[in-house]
Every structure is written in C-alpha cells, then in structure tokens.
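Novice: what follows is a predicted structure for the sequence shown.
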Amino acid sequence: MGTVCGQSTTTALPIPPSPSQPEKTQDGQLEGGESRVKPPANFDAPAKALWKVVERDLRERESLRDVDAAAVERYVRAEMVARLAWARVAEREKVEGAAAWRVRGSHGGWQPDPDVRTAQQASKDAQSFAADLGITPRARAAMRTAPDELDSMLADLAGGR
C-alpha cells in the first residue's frame, strides 16, 4: 500500500535494535552537544528530520534520557503515519473533490474513507505521545508551573473540601 519511515504500512513494524548506549551524566541525563540518541536506521528523511527536531528540543530542555528513545520513536512513527494518510486524502481530493473524504460502506451508506480514519487515529496517537514527551504547548505550560505554586494549589484544594 505504501511506506512510512521505511516500513510497509500493511505490515507490523518490527522493533529496531536498541541504539548504542549514549554517554550519560550521573542522573542519567544525556550529554549535550551532537545527538547521542540516533533515529532508527529504517526511518526515511522526513522522519529523521522530525526525530532531530524533537530530540533537540528535549535535549535543550534537559529532559531527554536514553530510555526516551522508544517514546520519541512512537511519536515520530504516529506523526508520519498521520501525515502520509492526510497527504493521500489531499491528493485524491484534487481529483475527486469532497468524495475523497468518504466511501460507500457495505450497506450502501456513507462512511469516512479508511485514510481519513487512519489519519485521525494516528493524529490522536501522535498528540498523546507528544504530550507524554512534553512537546505540546499545554505540556510545556504545565512544566513551567513552579513547584511551590503547585503545592499551594494542592493545599487550597485539600483545604476546600
């Protein structure tokens, strides 16, 4: 059917070999500088570019650990599947118009095109994985809340019962 990150979209994705062990500080943090956590070898160029953006952001915020490679990979794969599915819908829309968004079901009724459903689900998955990594605006805003402020808010909530 197609490929995403160098993998067929019709088969299960194999688990790539673990990346070589990066150098770490005492608290398990990756050393700064050039990327130490490498993207899987089977990622295509757009997936590797996204990986580098995410990895750089996490490293700059000093929140990247070597164990996060699998989480970053999940996010990148989901995002790339969503982008591929949306691109297929957009290409069909140029020819078919609005019909690219729906298909006739087995009983004759209209239902969302499989690419639309795939894109929607992959987008939801990518959003969830991005939030886990702290790379969404909401997650970054939550991380900026000071610990004393959180303690005060929790105390207020507990006292207000």
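Specialist: Thanks, I have the structure now. Fair warning: this is a prediction, and the values are worked out from it, not measured in the lab.
Novice: low pLDDT regions in this protein?
Specialist: Across the chain, the ranges flagged by pLDDT under 70 are 1-36, 145-154, 160-161.
Novice: residue boundaries of the strands in it?
Specialist: 3-4, 7-8, 102-104, 110-112 (DSSP state E).
Novice: walk me through which strands the last one pairs with, and which way each runs.
Specialist: Strand partners for strand 110-112, identified by DSSP bridges, are recorded as strand 102-104 (antiparallel).
Novice: run the chain-centre distance for the partner strand.
Specialist: Mean-position distance between strand 102-104 and its chain equals 28 Å (Cα atoms, centre = their mean, to the nearest Å).
Novice: next one: the helix ranked longest in the chain to chain centre, how far?
Specialist: Counting residues, the longest helix found in the chain (DSSP state H) is helix 69-96. Centroid displacement of helix 69-96 relative to its chain, using Cα atoms, centre = their mean, is 11 Å.
Novice: and if you look at stretch 121-140?
Specialist: Here stretch 121-140 is found 6 Å from its chain centre; the criterion is Cα atoms, centre = their mean.
Novice: this completes my enquiry, with thanks.
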